[in-house]
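Peer 1: quick one: sequence plus predicted model below, questions after.
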Amino acid sequence: MFKKLILLLFIIFPICSCNNNNSGDSSQVTKIIPNSNIYTKQDIENAMNVVTDYFKNAEGFQYCTLTELCYDEKISSEESAAWAEQYEAEQAIVLLSKFDVSSSYKSGGLEANKTYQNFKWVLVRSGQEIWILETWGY
């Protein structure tokens with residue numbers, strides 16, 4: 001029994017202790033949340049949290065560092081109605097980001113050694129439901 005437990009620990013521990021150092025880094029992002037006539041600061045913060053969580057965990061952003069995430073009411077309000085309609089939601093919010101792609105990036109879709117600015121994130125919701133990330137880029 002003891003030998004089986006030790007063997008199990010040698011199999012499971014390395015699997016559990018692996019840290020994906022190649023994941024996207026959103027730990028030092030600066031969030032810019034100005035006063036809004038449409039959303040509360042908490043609404044915007046919640047949308048930003050969805051983006052930072054996705055950035056951190058998505059394979060497509062490995063070796064990338066999210067440095068800035070902001071809400072621009074003018075840009076968001078110009079586009080939100082069309083996005084909400086496209087995704088059959090009551091509301092949409094557009095966030096802008098800035099992030100760096102390292103030289104180690106190999107996933108495709110982004111260019112290594114490049115800083116992306118004004119990279120858009122589109123999230124939707126109906127009522128007071130949670131924000132759902134629908135698309136990004138542009």
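Peer 2: Thanks, I have the structure now.
Peer 1: surely Ser76 touches Val94?
Peer 2: Yes: between Ser76 and Val94 there is a contact under Cβ atoms under 8 Å: 4.2 Å. Every residue, glycine included, has its C-beta placed from N, CA and C.
Peer 1: name the spans of this structure whose pLDDT lies under the cut-off.
Peer 2: Judged by pLDDT under 70, the chain has its weakly predicted residues at 1-22.
Peer 1: all the helices of it, residue numbers only.
Peer 2: When assigned using DSSP state H, the helices of the chain occupy the ranges 2-17, 41-57, 73-86.
Peer 1: dump the residue contacts of the closest residue to Ala82 other than its chain neighbours.
Peer 2: Across the structure, with Cβ to Cβ, 6 or more residues apart in numbering as the measure, the residue nearest Ala82 apart from its sequence neighbours is Ala92 (8.0 Å). With contacts taken as Cβ atoms under 8 Å, 6 or more residues apart in numbering, Ala92 has the following neighbours: Ser76, Glu79, Ser80, Ala81, Ala82, Trp83, Ala84, Val122, Leu123, Val124.
Peer 1: and if we set it to 6 Å?
Peer 2: Neighbour list for Ala92: Ser80, Trp83, Ala84, Val124 [criterion: Cβ atoms under 6 Å, 6 or more residues apart in numbering].
Peer 1: Leu110 too?
Peer 2: Contacts were defined as Cβ under 6 Å, 6+ apart; by that measure Leu110 touches Val101.
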